[in-house]
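In: sharing a sequence plus its predicted fold:
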Amino acid sequence: MDSAGLIHAAAVRAADVPEGEGGQELLRQAVESGRVQRVARVWVDGGYVGGFEAWVRESLGWQVEVVRRRGRAFAVLPWRWVVERTFAWLGWYRRLSKDDEFVLESRVSWIYLAMVHIVVRRLDKLSVETSVQS
């Protein structure tokens, strides 16, 4: 996901796969496909500290910034809101609002389809605003 909240690569895994292991697989796929050519920094939460963090630095040469919670009280964390907002966007789609997919690959396809719809709506809104100004 980029800083605008648009998903460039997605993977859905079983709950017993550790976050770092799933993250490595996702980034490997994204780099091999050429979808993340201009990445320089990655923000992660505390679940990715350790092996994943070191792997990203050594293998990909990207900076890794861990966004940590400050205490127990609710606080808006830097960049975390981008991820949460994107999850909310995906929740607008009935098929993605429930976890009832039997085939994980179909879940990923629905995520990509939702992102295409979001981007097309943004482009349509932008073209309407541009034509009104002209």
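Out: Arrived safely. Residues are numbered from 1 along each chain as shown.
In: burial count for residue 52?
Out: Using other CB atoms under 10 Å, residue 52 has 21 neighbouring residues. Yep, even glycine has a C-beta here, placed from its N, CA and C like the rest.
In: before we move on, what about residue 51?
Out: Count around residue 51 with other CB under 10 Å applied: 13.
In: that one contacts residue 20, correct?
Out: Yes. Contact criterion CB atoms under 8 Å: residue 51 and residue 20 qualify, at 5.2 Å.
In: dihedrals phi and psi, residue 11?
Out: In terms of degrees, to the nearest 10, the main-chain angles of residue 11 are phi -150, psi 140.
In: can you count the residues close to it?
Out: Using other CB under 10 Å, residue 11 has 17 other residues around it.
In: which residues does it contact?
Out: Counting by CB atoms under 8 Å, 6 or more residues apart in numbering, residue 11 touches 22, 25, 26, 29, 108.
In: repeat that for residue 95.
Out: By CB under 8 Å, 6+ apart, the contact list for residue 95 reads residue 110.
In: tell me how far residue 45 lies from residue 65.
Out: Applying CB to CB, to the nearest Å, the value for residue 45 to residue 65 is 11 Å.
In: and for residue 127?
Out: Residue 127 sits 35 Å away from residue 65, going by CB to CB.
In: who's more crowded, the two?
Out: Between residue 127 and residue 65, residue 65 has the larger neighbour count (other CB under 10 Å), namely 13 against 10.
In: the residue lying closest to residue 30 once chain neighbours are set aside: which element?
Out: Once flanking residues are discounted, residue 30 sits nearest to residue 9: 3.6 Å by CB to CB, 6 or more residues apart in numbering. Using DSSP states H and E, residue 9 is not contained in any helix or strand.
In: right, I'll leave it there.
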